[in-house]
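1. Here is my input, please return the structure:
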Amino acid sequence: MDGADIVLQNFPAAARKMRVAMVTETYPPEINGVAMTMGRIVTGLQTRGHAVQLIRPRQHPGDQPAAQPLFEEVLQRGIPIPRYDALKLGLPAKQALLRLWATRRPDIVHIVTEGPLGWSAMAAAAKLKLPVATDFHTNFHSYSAHYGVGWLKTPITAYLRKFHNKALSTLVPTESLREELEEMGFRNLRVVARGVDTALFHPRRRSADLRQNWGAHVEGLVALYVGRLAPEKNLALVLRAYVAMRELQPNLRLVLVGDGPERARLQRENPDVIFAGMRTGEDLATHYASADIFLFPSLTETYGNVTVEAMASGLAVVAYDYAAAQQHIHHCENGLLAPFGLAEDYVQVAAALATAAARVRAIGARARVSTEKLDWSCIVAEFEQ
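-> Residues are numbered from 1 along each chain as shown. The predicted model follows:
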């Protein structure tokens, strides 16, 4: 236990309320794992009595800052991220942040993303001698190979290491990621897991009508993928696994939920696959629960929120043995794992489920039970500490 922990423990509970400045380039209603996670964290901090000042890029021309009890938004300029047009990259804003925080000092600055806005926040906080914590959410260094700029991996890693090592603490979602980053020279890493809304993502949302629309037989199996349709998600392996599964079970259906730069090509080349587009809220939860098997072959996740959403929905997840899957799945009990990066093994694991409907249901039921402890209130409490 360090000195800060001792001081905090000696404070009365009512005196621990903080003013937290949170800097992020993505936030709801944008749809991605980082935005969803930060939305949950901000709401949780407010519920626990902390005041949150959220600093983010303006998402569209008509975007207006929200003002609520214990919540203030400060909007900055941003530009679209190449190939991620729905998201904005915050522009440098050091002087604006210096003026903002010199007037009303936050107790801590928490930086969620490592772009120009995050770097400005780091510099402004250092100038004002404010404590800083950061999140490591996205493997940008791994993404580079999927966008034809693999040679950038080393400088991107160096940039991320330099950025995060300026913070007093960097929060990561899994122990395996902590170990990986530590080997790469990152310091002051702490594991704070992510939660799942087990009331929203629930097997009871299964819809016979939706399954009928998909052309699924009453007792047939539906395989599902949820996520961005982009090169870094390894979607070719989803399709390869689907082909192997259909050879054994011709009635099996594949549904892809999400959008992205690869959608048009994938839809053109795979006319027998159902492309459901972007789904949110209860509609998304219904899509999860109406499937049976969840195929998630990504190799670039820091966590993978969709893994635990699928598990909470009662699906048998097939994933590589890392990130959220490694943390929460016990192979052949509440999901199925393939050795990291071994595509043939992944296909074989997925294909083994094609003619095993009873096994799929049993694995999905155990997956649901195993996620019921991942309540967001517990995660927020851990984040708060």
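
2. Name the SS class of Ala354, please.
-> Following DSSP: H, G, I helix; E, B strand; the rest coil, we place Ala354 in the coil state.

3. my guess is it contacts Leu221, does it?
-> Yes - using Cβ atoms under 8 Å, Ala354 is in contact with Leu221, at 6.9 Å. All C-beta spots, glycine's among them, are computed from the backbone N, C-alpha and C.

4. Roughly how far does Gly118 sit from His328?
-> 29 Å (Cβ to Cβ, to the nearest Å).

5. Glu182 too?
-> 22 Å.

6. do Pro131 as well
-> Separation of Pro131 from His328 (Cβ to Cβ): 31 Å.

7. now swap in Ser120 and tell me
-> Taken as Cβ to Cβ, the span from Ser120 to His328 is 36 Å.

8. What's the local residue count around Ser179?
-> I think there's a mix-up here, since residue 179 is Glu and not Ser. Per other Cβ atoms under 10 Å, the neighbour tally for Glu179 reads 13.

9. Could you tell me the per-residue confidence at it?
-> pLDDT recorded at Glu179 is 93.

10. What of the one 5 residues further on?
-> pLDDT for Met184: 93.

11. Please apply the same query to the one 5 residues further on.
-> You'll see Leu189 listed with a pLDDT of 97.

12. My guess is it contacts Thr170. True?
-> Yes - contact criterion Cβ under 8 Å: Leu189 and Thr170 qualify, at 5.3 Å.

13. More neighbours: which of the two?
-> Ranked by neighbour count (other Cβ under 10 Å), Leu189 and Thr170 place Thr170 first, with 23 against 18.

14. A strand includes the more buried one, no?
-> Yes - the assignment for Thr170 (three-state DSSP) places it in a strand.

15. secondary structure element for Ile55?
-> strand 51-57 (DSSP states H and E).

16. which element follows that strand toward the C-terminus?
-> Strand 51-57 is succeeded, C-terminally, by strand 67-68 (DSSP H and E).

17. Contacts for that following strand, please.
-> Residues outside strand 67-68 that contact it (Cβ atoms under 8 Å, 6 or more residues apart in numbering): Gln46, Glu73.

18. Just the CA coordinates for stretch 352-371, please, in PDB.
-> Output of stretch 352-371 as PDB, limited to C-alpha atoms (Å, rounded to 0.1, in the frame of the first residue of the first chain):
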ATOM      1  CA  ALA A 352     -16.900 -29.300 -34.100                       C
ATOM      2  CA  LEU A 353     -20.000 -27.300 -33.000                       C
ATOM      3  CA  ALA A 354     -21.800 -27.500 -36.300                       C
ATOM      4  CA  THR A 355     -23.500 -30.900 -35.500                       C
ATOM      5  CA  ALA A 356     -23.600 -30.600 -31.800                       C
ATOM      6  CA  ALA A 357     -26.700 -28.500 -31.000                       C
ATOM      7  CA  ALA A 358     -27.100 -29.900 -27.500                       C
ATOM      8  CA  ARG A 359     -23.500 -29.200 -26.600                       C
ATOM      9  CA  VAL A 360     -23.800 -25.600 -28.000                       C
ATOM     10  CA  ARG A 361     -26.800 -25.000 -25.700                       C
ATOM     11  CA  ALA A 362     -25.000 -26.400 -22.600                       C
ATOM     12  CA  ILE A 363     -21.900 -24.300 -23.200                       C
ATOM     13  CA  GLY A 364     -24.100 -21.200 -23.800                       C
ATOM     14  CA  ALA A 365     -26.000 -21.800 -20.500                       C
ATOM     15  CA  ARG A 366     -22.700 -22.100 -18.600                       C
ATOM     16  CA  ALA A 367     -21.400 -18.900 -20.300                       C
ATOM     17  CA  ARG A 368     -24.400 -17.000 -19.100                       C
ATOM     18  CA  VAL A 369     -23.800 -18.000 -15.500                       C
ATOM     19  CA  SER A 370     -20.100 -17.200 -15.600                       C
ATOM     20  CA  THR A 371     -20.800 -13.500 -16.600                       C
END
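
19. Thank you, goodbye.
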